[in-house]
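> Have a look at this prediction, sequence included:
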Amino acid sequence: RPQRGGNPATKGVRWAWFGEQIVRVMGFPDRRACRVAVIGAGAAGLVAARELQREGHSVVVYEQSDGVGGTWAYTGEVEDDPLGLRSDRKRVHSSLYASLRTNLPREVMGFLEFPFVPKEGRDGRRYPRHEAVLSYLQDFAEHYDLLRLIWFGRRVERVAMYPPAARIVKRPSDDFEPCNLMETGNAASKDAADEESGCNLLWVGNFTDCRWAVRSRPADVLPPFKSVNDGMEEEIFDAVVVCNGHYSQPKIAEIPGIERWPGKQLHSHNYRVPEMFKDQVVIVIGNAASGEDIARDIAIAAKKVHWSGRAWKREVDMSHPIGASGNIWLHLEVKSAHEDGTVTFQEGTDAVADAIVHCTGYSYSFPFLETQGIVTVDDNRVGPLYQHVFPPALAPTLSFVGLPWKATLFPIFELQSRWIAQTLSGKVQLASRKHMIEATEEYYASLEANQIPKHYTHSLGPSQFEYDDWLATQSGCASLEPWRREIYITSHLSRLENPESYKDKWSDQSLYEIAMTELDRSITHL
């Protein structure tokens, strides 16, 4: 169990405890500290804990496994449902396959204040194996003394408003408000909240005054429980930061006739090594990063790989095989499957296959989170969320770190976490609820106007750098170094032009040297 108190960021500050509520009674009068729960100890959860701790908050991190790293903690174990569809399946969090190397250079991948530089005895390549990333995250946790904050082996079952929303009422003479959230302007005032009640929000009373109940059990205690309270504990927090990742709930392709197709299927979440497909004909669906990696990995052992993509970003020749083994055939998306084992592709070709691997992405899932319908997941849009972080009706006491994808994620996690931590402390002021709602609705409208599907809401791509700068501005940080953007773009182009060799040969050596020189210099200050 994590230690309570002893936060070095609050040394010299005295606290008064009123049940589970914390009030600053000596220290900086214009700052406050909250008791915050962080859900998950992967990359997002670790940097959230670090930023919250640095800002003076009391932090408890819930982690269901026995170590840090989240999806970067590789395991050869897989789920008992290869497609990951059954709700009662044995859960495995990590989606890593044994051969995985990063598809981004290490110099842009690491946290801003803790560079991901080579270390002796580890994979020092520019695109290292997954073990190097896990070791890096372990180093991060140890360097910032985060392990003492983490409650390992705890599965969070329920996160809910406390008291429940139906019981929240505005009391004009409240003697105490948790963390004094209403006094520093980071949430809309009570009067302003009344004026804004005409917005498209479901709310009763004033949610910015609520706290959160977090219920957990030991991860190895599974239903059916011996009793209702079998290993269960519930604690009350002023705020919750959700960092549970989004690479463990598989999505699969919808294929007409698949229910009669006799071959085996699995989602990439449960793929580990290619030997399971030795001498077989395999169809890989999906041509994003994992689809490309896995198609090439399976080709090492398979007789033939048919790699299917909805749209190819470059001109492809479907008349000849590709790959180091010369046994990967490219196709458009799958049109149908048949009971004789045949699979038909949109361009009209067929293949008789033994297996299908769905490299088709993941769904956001928060089965533990109860918000009275305020936060929902609709076609993989988690919302409504202001800047992918705060639900306007519940800000700042509920926030999310790590929802964006198709970007250099660790720096984004860090900047999101800093914004959250400083908003909770009162160091920075959160926009009014009305502004957050209007900005979020405007963003959703712009996606629709540009015919961007709802499930791409959290996909950043080239816009990530504008987002990075916006986040940096919120917490008074400097903008990211220009070389980060340049390296991201050149590495992306290199992957398109040289998909088999881009991780070991590159054309931006001068940028790489500039980046490593700066990072080596910053390492000396740690």
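In hand now; what should we look at?

> sec struct for the nearest residue to Pro82 once chain neighbours are set aside, please.
Of all residues not flanking Pro82 in the chain, Leu266 sits nearest, at 3.6 Å (Cβ to Cβ, 6 or more residues apart in numbering). In this view, the C-beta of every residue, glycine as well, is placed from N, C-alpha and C. Leu266 falls in the strand class when you classify it by DSSP: H, G, I helix; E, B strand; the rest coil.

> Low-confidence ranges, the stretch 151-300 of the chain, go.
Flagging of the stretch 151-300 of the chain using pLDDT under 70 yields the residue ranges 164-209, 225-228.

> how about the helices in it?
All helices of the stretch 151-300 of the chain, identified by DSSP state H, counting those that start in this stretch, fall at 190-195, 289-298.

> Also the chain?
43-54, 106-109, 130-143, 190-195, 289-298, 409-425, 433-449, 464-474, 482-497, 509-523 (DSSP state H).

> For Pro367, find the nearest of those helices.
Nearest of the helices of the chain to Pro367, taken as Cβ to Cβ: helix 43-54 at 17.2 Å.

> What's opposite Arg158 in the beta bridge?
Note on Arg158: beta-bridge partners Arg215, judged by DSSP bridges.

> Can you tell me, leaving aside adjacent residues, what's nearest to Ser459?
Nearest non-adjacent residue to Ser459, counting by Cβ to Cβ, 6+ apart: Lys406, 4.6 Å away.

> Need phi/psi at the one you found.
phi 60, psi 60 (degrees, to the nearest 10).

> Ser248 versus that one, what's the distance?
Going from Lys406 to Ser248 by Cβ to Cβ, to the nearest Å gives 18 Å.

> So, low pLDDT: which residues of the protein?
In the chain, residues with pLDDT under 70: 1-30, 164-209, 225-228, 524-526.

> again, only using 80
1-31, 163-210, 221-230, 313-315, 524-526 (pLDDT under 80).

> hang on, isn't Pro105 packed against Ser491?
Yes: assessed by Cβ atoms under 8 Å, Pro105 is found in contact with Ser491 at 5.6 Å.

> Compare those two and say which is more crowded by neighbours.
Pro105 (28 against 25; other Cβ atoms under 10 Å).

> Next one: the more buried one relative to Asp123, how far apart?
Taken as Cβ to Cβ, the span from Pro105 to Asp123 is 13 Å.

> same check, this time on Ile298
From Ile298 to Asp123 the distance is 23 Å (Cβ to Cβ).

> Which of these two has more residues huddled nearby?
Under the neighbour definition other Cβ under 10 Å, Ile298 and Asp123 were set side by side, and Ile298 has more, 27 against 17.

> What about the residue lying closest to that one once chain neighbours are set aside, how many residues nearby?
Excluding the flanking residues, the one nearest Ile298 by Cβ to Cβ, 6+ apart is Pro274, at 4.8 Å. Pro274 has 20 neighbouring residues, counting by other Cβ under 10 Å.

> where's Pro274 relative to Glu77, distance?
Pro274 is 17 Å from Glu77, by Cβ to Cβ.

> now Gly67
Gly67 is 14 Å from Glu77, by Cβ to Cβ.

> Pick out whichever of these two has more residues nearby.
Ranked by neighbour count (other Cβ under 10 Å), Gly67 and Glu77 place Gly67 first, with 16 against 10.

> From start to finish, how long is stretch 210-229 in a straight line?
Using Cα to Cα, to the nearest Å, the end-to-end distance of stretch 210-229 comes to 25 Å.

> How far off centre is it?
23 Å (Cα atoms, centre = their mean, to the nearest Å).

> Show residues contacting it.
Residues from elsewhere that reach stretch 210-229 (Cβ atoms under 8 Å, 6 or more residues apart in numbering): 20-21, 37, 39, 62, 64-65, 151, 153-163, 165, 168, 178, 230-240, 394, 397-398.

> list the buried ones in it?
For stretch 210-229, burial by neighbour count (16 or more other Cβ atoms under 10 Å) applies to 210-214, 216-217, 219.

> Leu430: which of those is nearest?
Cys210 (15.9 Å).

> The closest one and Glu370, how far apart?
12 Å.

> Overlap of the contact sets of these two?
Met161.

> wouldn't Ser491 be in contact with Thr102 here?
No: applying Cβ under 8 Å, one finds Ser491 not in contact with Thr102, separated by 10.3 Å.

> burial of the residue lying closest to Ser216 once chain neighbours are set aside, as a residue count?
On the basis of Cβ to Cβ, 6+ apart, the spatially nearest residue to Ser216 that is not a chain neighbour turns out to be Arg154, at 4.4 Å. By other Cβ under 10 Å, the residues close to Arg154 number 23.

> Okay, and the beta partners of Arg154?
Beta-bridge partners, per DSSP bridges, of Arg154: Pro218.

> Distance of it relative to Ser417?
21 Å.

> Check Glu51 too.
Distance, Glu51 to Ser417, by Cβ to Cβ: 4 Å.

> quick one, which of those two is more surrounded?
The residue with more neighbours, out of Glu51 and Ser417, is Ser417; 31 against 26, by other Cβ under 10 Å.

> ok, the more buried one - contacts?
Counting by Cβ under 8 Å, 6+ apart, Ser417 has contacts 44, 47-48, 50-52, 241, 401.

> Also Gly245?
40, 42, 44, 70-71, 93, 402.

> Check the gap between it and Thr71 for me.
Counting by Cβ to Cβ, the gap from Gly245 to Thr71 is 6 Å.

> Common neighbours of these two, please.
In contact with both Gly245 and Thr71: 42, 93, using Cβ under 8 Å, 6+ apart.

> wouldn't the residue nearest to Ser216 be in contact with Ser65 here?
No: under the criterion of Cβ under 8 Å, Arg154 makes no contact with Ser65, lying 9.8 Å away.

> Check the gap between Ala73 and Gln64 for me.
11 Å.

> shared neighbours of the two, anything?
His93.

> Show the contacting residues for the residue lying closest to Asp279 once chain neighbours are set aside.
Nearest residue to Asp279, sequence neighbours excluded (Cβ to Cβ, 6+ apart): Lys303, at 5.0 Å. Neighbouring residues of Lys303 by Cβ under 8 Å, 6+ apart: 279-281, 327.

> Inside strands: which ones of these?
Val281 (DSSP state E).

> Export the contacts of Lys303 as CSV, with columns for neighbour count.
Shown next, in CSV, are the contacts of Lys303 (neighbours: other Cβ atoms under 10 Å):
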residue, neighbour count
Asp279, 9
Gln280, 17
Val281, 20
Asn327, 17
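
> Wait, Lys313 touches Arg495, no?
No: the criterion here is Cβ under 8 Å, and Lys313 misses it with Arg495 at 9.8 Å.

> of the two, who's got more company?
Taking neighbours as other Cβ under 10 Å, Lys313 and Arg495 compare with Arg495 leading, 19 against 11.

> Enumerate every residue touching that one.
103, 502.

> what's the burial count for the closest residue to Ala478 other than its chain neighbours?
For Ala478, ignoring the flanking residues on the chain, the nearest one in space by Cβ to Cβ, 6+ apart is Ala472 at 6.6 Å. Neighbour count of Ala472, defined by other Cβ under 10 Å: 19.
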